[in-house]
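Peer 1: Whatever this is, show me its structure:
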Amino acid sequence: MVPDRMRAVIQTGYGQPEQVLRLARGPVPVPRRDQVLIRVDAVSINSWDVDLVTGPMITRITAPFRTRQRVIGSDVAGEVVAAGEDAARFSVGDRVVGDLSVSGWGGFAEYATARERALTPVPDGVGDVAACALPQAGSMALQSLGDRSVLDGRRVLIVGAGGGVGTFAIQLARAAGAHVTVVDWAPKLAALRRLGADEAIEAGRLAEVSHPSFDRVVDVVGALAPAAARGLLAPGGEAVVVGGRPGLLLRIVFGGLRGADRQGRRVRLLIARPNRDVAELLSLVASGALRPVIDGPHPLTDVPYEVERLRAGAVTGKVVIVPA
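Peer 2: Model (predicted):
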């Protein structure tokens, strides 16, 4: 039975998470013709959620006063409990996971609607907590590493490696045979070594890296200016920037239009493709080849506090919320 009302964390404006996010009760959403209704069993928090809450300038261009989504949260795992009349891919009772940023958001709640194309079946042996950690962070890790078949014996640098993207990228690069160097705050480095990092450097001390020439640089947090990233690359190497300040990202976009330099070194911005790689990630988790690093799970009431923790850089891996 689907109840008429549910709990959800709603956003009232931009600002500090504990000031603009609050728990409320409201109606359970009704799926449209091409949608399903999901009982949210687990949802993870992403840096995009932080931006939607705090409202940096790039966010306010299209929504000056608050986000268009009253309930944010994108990476959900749960069970299909109802379907629109044109939804035929999933049945009631199916376990699914997906990034709902392409389907109206709504994940910080007990129920959410989603277009079927945003969802992937969850195989037996993969729990909801692990599954919801995968869509955004896991996909960006895969896409930022590029063709993993050529990483064997290559050197990979991951800057800002302690979050969701970085903890997945470490494991994926090591499994491909790469030598992995990571950079992040000191309290996170021991955990990153346990994940397989060959060398761990404290943030701000990148000059101490033992071999400052990499075939691939993954800058998760936009810590490197384009010239600095290029200077860390071996001839023919590539630096991929996943996130960062709007000004830096624009410089990378325009710089990337010029292509590689005379040594074949290139710096580009990752244009992520949502939900493209979720099935592959689920398969890797099911086989034991990939392990999400989970902070939590935490209750729905803790969403404002956990969004603030992620904003402050105090999280290793993925923060997961269990609404029930």
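Peer 1: so what's Phe90 closest to, chain neighbours aside?
Peer 2: Distance criterion CB to CB, 6 or more residues apart in numbering; nearest residue to Phe90, sequence neighbours excluded, is Val80 at 4.9 Å. No exception for glycine: its C-beta is placed from N, CA and C like everyone else's.
Peer 1: was I right about that neighbour contacting Val40?
Peer 2: No. Using CB atoms under 8 Å, Val80 makes no contact with Val40, being 11.4 Å away.
Peer 1: More neighbours: those two, which one.
Peer 2: Taking neighbours as other CB atoms under 10 Å, Val80 and Val40 compare with Val40 leading, 27 against 23.
Peer 1: Looks to me like that one is in a strand.
Peer 2: Yes. Val40: assigned to a strand according to DSSP: H, G, I helix; E, B strand; the rest coil.
Peer 1: What pLDDT is listed against it?
Peer 2: pLDDT for Val40: 98.
Peer 1: likewise Ala324?
Peer 2: At Ala324, pLDDT is 85.
Peer 1: pLDDT weak spots in the protein?
Peer 2: Across the chain, the ranges flagged by pLDDT under 70 are 245-259.
Peer 1: tell me which element the residue in the chain sticking out farthest from the centre falls in.
Peer 2: Distance from the centre of the chain peaks at Arg262, with 33.4 Å (CA atoms, centre = their mean). According to DSSP states H and E, Arg262 maps onto no helix or strand at all.
Peer 1: A strand includes Ala314, no?
Peer 2: No. Counting by three-state DSSP, Ala314 is not found in a strand; it is coil.
Peer 1: where's it relative to Gly163, distance?
Peer 2: Separation of Ala314 from Gly163 (CB to CB, to the nearest Å) stands at 11 Å.
Peer 1: show me where the stretch 101-250 of the chain has strands.
Peer 2: Assigned by DSSP state E, counting those that start in this stretch, the stretch 101-250 of the chain shows strands spanning 111-115, 119-121, 155-159, 179-184, 199-202, 214-219, 233-241.
Peer 1: List of residues touching the last one?
Peer 2: What that stands for is strand 233-241. Applying CB atoms under 8 Å, 6 or more residues apart in numbering, the contact partners of strand 233-241 are 144, 146, 155, 213-219, 222, 224, 229-230, 232, 248-249, 252, 263-270.
Peer 1: can we see that at 6 Å?
Peer 2: Outside of strand 233-241, the residues within contact range by CB atoms under 6 Å, 6 or more residues apart in numbering are 144, 213-219, 222, 229, 252, 263-267, 269-270.
Peer 1: Tell me the buried residues within the residues you listed.
Peer 2: 144, 214-219, 222, 229, 252, 265-267, 269-270 (16 or more other CB atoms under 10 Å).
Peer 1: Using CSV, please lay out the strands of the stretch 101-250 of the chain together with distance to Ser287.
Peer 2: Below are the strands of the stretch 101-250 of the chain laid out as CSV (distance: least, CB to CB, whole Å):
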stretch, distance to Ser287
strand 111-115, 26
strand 119-121, 16
strand 155-159, 22
strand 179-184, 20
strand 199-202, 26
strand 214-219, 23
strand 233-241, 26
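Peer 1: who wins for proximity to Arg309 among those strands?
Peer 2: Among the strands of the stretch 101-250 of the chain, strand 179-184 comes nearest to Arg309, with 15.2 Å by CB to CB.
Peer 1: so the closest one versus strand 155-159, what angle?
Peer 2: Strand 179-184 runs at 10 degrees relative to strand 155-159, counting by axes from the mean of the first three to the mean of the last three CA atoms, to 10 degrees.
Peer 1: Tell me which residues are up against strand 179-184.
Peer 2: By CB under 6 Å, 6+ apart, the residues outside strand 179-184 that reach it are 155-159, 161-162, 170, 173-174, 192, 197-201, 203, 206, 209.
Peer 1: same thing but at 8 Å, please
Peer 2: Here strand 179-184 makes contact (CB under 8 Å, 6+ apart) with 153-162, 166, 170, 173-174, 189, 192, 196-203, 206, 209, 211, 214, 223.
Peer 1: who's in contact with Val126?
Peer 2: Taking CB under 8 Å, 6+ apart, one finds 282, 285-286 in contact with Val126.
Peer 1: who wins for neighbours among those?
Peer 2: Counting by other CB under 10 Å, top hit in these: Leu282 with 24 neighbours.
Peer 1: My guess is Gly146 contacts Arg216. True?
Peer 2: Yes. Counting by CB under 8 Å, Gly146 does reach Arg216; the two are 7.0 Å apart.
Peer 1: Am I right that Pro304 sits in a helix?
Peer 2: Yes. Using three-state DSSP, the assignment for Pro304 is a helix.
Peer 1: What's the local residue count around it?
Peer 2: Neighbours of Pro304 under the rule other CB under 10 Å: 20.
Peer 1: Check the contact between it and Gln11; I expect there is one.
Peer 2: No. Using CB under 8 Å, Pro304 makes no contact with Gln11, being 9.7 Å away.
Peer 1: so what sits against both of those two?
Peer 2: Shared contacts of Pro304 and Gln11 (CB under 8 Å, 6+ apart): Leu21.
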